[in-house]
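Colleague: dropping a prediction and its sequence here:
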Amino acid sequence: MINPAKRTKSIELSQIRKMFEITNPDAINLGIGEPDFNVPENIKNAMIESINNNDTHYTPNKGYIELREEIAKKFKNDNNISTDPENIIVTVGASEALYMCAQAFIEKGDDVLLPNPSFLSYEACIKLSEGNIIPVDCKMENGFKLKYEDVSEKITKNTKAIILNSPSNPTGAVMDKEDIKAIAELSMDNNFLIISDEIYEKIIYDKKHYSPAEWSENVITLNGFSKTYAMTGLRIGYLTANEYLCEELLKIHQYNIACANTTSQRGAYEALTGPQNEVEKMVREFKRRRDLIVKRLNEIGHETVNAEGAFYVFPKIEDDTFVKRAAAAGVITVPGGAFGSNGNGHVRMSYANSYENISKAMDIIEEISHE
Ligand SMILES: Cc1ncc(COP(=O)(O)O)c(C=O)c1O
């Protein structure tokens with residue numbers, strides 16, 4: 001038997017994926033982490049056309065310049081970040097961008113602050129880089145928002161980085177502007193890196209999204225097309241940071257994947273330059289579902305925060321048997337503990353499913369909750 005490296009042994013395959021493999025295919029799936037919409041037609045057509053034009057060769061390592069120019073405009077318009085196409089790297093989803101950040105900047109002994117609960121890949125990427133995870137509580141009483149005070153008390157000389165994710169997976173929490181700004185300023189005063197995962201930026205209700213890079217030089221901003229344009233399987237994302245940070249990130253990207261795939265880059269260009277009405281339609285529909293699921297869960301007696309973004313809610317459900325019983329009754333959910341110790345006593349439910357299915361799922365949950 002060939003022994004795996006210790007760092008590989010230190011992590012496990014995702015329990016969530018494993019769970020989906022064993023559950024009933026007819027069940028209503030509220031475990032999903034991707035939009036239940038299709039890629040808009042204009043984006044599909046741009047990709048088909050690019051293949052027919054034999055646009056299937058390597059691109060520059062950082063990605064097509066036309067695409068990076070559009071991304072730079074997007075950063076300026078949406079995020080108030082002034083960047084240069086040379087300081088943008090087009091990646092294989094936000095996932096690759098995240099892995100690049102960890103590989104390029106985290107090493108053995110570095111402390112990395114991580115919101116608790118948070119997206120599973122963060123912990124795995126930090127462990128693969130042999131960094132130490134320092135959890136920072138996202139408290140239900142604060143609507144699961146990461147607060148400046150909770151971050152600042154965890155900063156030491158050994159703090160290398162923090163990962164921010166607003167809107168958040170798994171809670172749907174959207175951080176307040178003052179906390180983002182204060183944490184950004186703290187990163188300058190204490191010289192640590194902010195890895196800001198803004199993949200759910202556009203899926204946000206009645207609130208404005210803010211990027212820490214507006215106030216700090218020490219930020220790598222990650223984003224992608226998976227959630228906003230329902231392009232999950234096309235694996236396309238991007239990041240920006242200052243020149244020095246970008247050069248180090250490019251080393252990891254260049255030797256790992258060379259460049260993101262041509263077809264998806266053409267689709268991404270169309271996504272940014274084409275009409276945005278499909279995105280607006282999708283976000284309106286997500287809001288309608290959010291309103292339904294939050295109302296129903298609270299009525300059933302499962303205390304639920306009115307999440308302001310992404311497509312997840314994180315009700316308080318302390319019964320350990322709930323996820324199994326719900327799955328047996330036909331509704332798939334994810335135990336909150338999968339996202340960190342503060343997730344214990346909660347369940348993540350995604351509303352990337354039809355309004356009718358969510359309504360049916362709530363009827364089933366109501367029934368099993370009163371058994
Ligand atoms: C918070 C968060 N970041 C990143 C990703 C990965 O996105 P991508 O498909 O762009 O790799 C996900 C996917 O679920 C996510 O929830």
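Modeller: Good, I have the coordinates. Numbers count the residues shown, from 1 in each chain.
Colleague: dihedrals phi and psi, V334?
Modeller: Note on V334: backbone dihedrals following degrees, to the nearest 10 are phi -120, psi 130.
Colleague: any idea what it is bridged to?
Modeller: R348 (DSSP bridges).
Colleague: can you list contacts of the helix or strand where A102 lies?
Modeller: Using DSSP states H and E, A102 maps to helix 93-105. Outside helix 93-105, the residues that touch it by Cβ atoms under 8 Å, 6 or more residues apart in numbering are 89, 91, 121-122, 125-126, 128-129, 131, 160-161, 193, 195, 197, 199, 220, 222-224, 226, 235-239, 245, 248-249, 251-253, 256-257. In short, each C-beta sits where N, CA and C put it, glycine included.
Colleague: just these that are near the ligand?
Modeller: 197, 199, 224, 226, 237 (Cβ under 6 Å from any ligand atom).
Colleague: mind putting those residues in CSV, pLDDT and neighbour count included?
Modeller: As requested, these are arranged in CSV below (pLDDT from 0 to 100; neighbours: other Cβ atoms under 10 Å):
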residue, pLDDT, neighbour count
D197, 98, 28
I199, 98, 24
G224, 98, 28
S226, 97, 22
G237, 98, 26
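Colleague: could you check how far N191 is from the ligand?
Modeller: According to Cβ to the nearest ligand atom, to the nearest Å, N191 and the ligand sit 25 Å apart.
Colleague: find the nearest non-adjacent residue to V92, please.
Modeller: In space, and not counting its chain neighbours, V92 is closest to R235: 4.8 Å by Cβ to Cβ, 6 or more residues apart in numbering.
Colleague: now swap in L234 and tell me
Modeller: S264 (4.3 Å).
Colleague: tell me how many other residues surround that neighbour.
Modeller: S264 has 24 neighbours, counted by other Cβ atoms under 10 Å.
Colleague: so of the ones next to the ligand among the contacts of helix 93-105, which two are at opposite extremes in space?
Modeller: Spatial extent of these (Cβ to Cβ) is set by the pair D197 and S226 at 11.6 Å.
Colleague: following element in sequence after the helix holding A102, please.
Modeller: Helices and strands here follow DSSP H and E; after helix 93-105, the next one along the chain is strand 111-116.
Colleague: what does that following strand contact?
Modeller: Contacts of strand 111-116 (Cβ under 8 Å, 6+ apart): 106, 122-123, 126, 131-138, 146, 151, 154-156, 158-165, 168, 339-343.
Colleague: re the thing from before, residues in contact with the residue nearest to L234?
Modeller: So S264 contacts 47, 225, 231, 234-236 (Cβ under 8 Å, 6+ apart).
Colleague: give the contact list for D84.
Modeller: A72.
Colleague: what of E278?
Modeller: 37, 40, 229.
Colleague: dihedrals phi and psi, it?
Modeller: The phi/psi pair for E278 (degrees, to the nearest 10) is phi -70, psi -40.
Colleague: tell me the pLDDT of it.
Modeller: Note on E278: pLDDT of 93.
Colleague: ok, P25 next?
Modeller: The model's pLDDT for P25 equals 77.
Colleague: for F20, same thing?
Modeller: 63.
Colleague: equivalent analysis for S14, please.
Modeller: Looking at S14, its pLDDT is 81.
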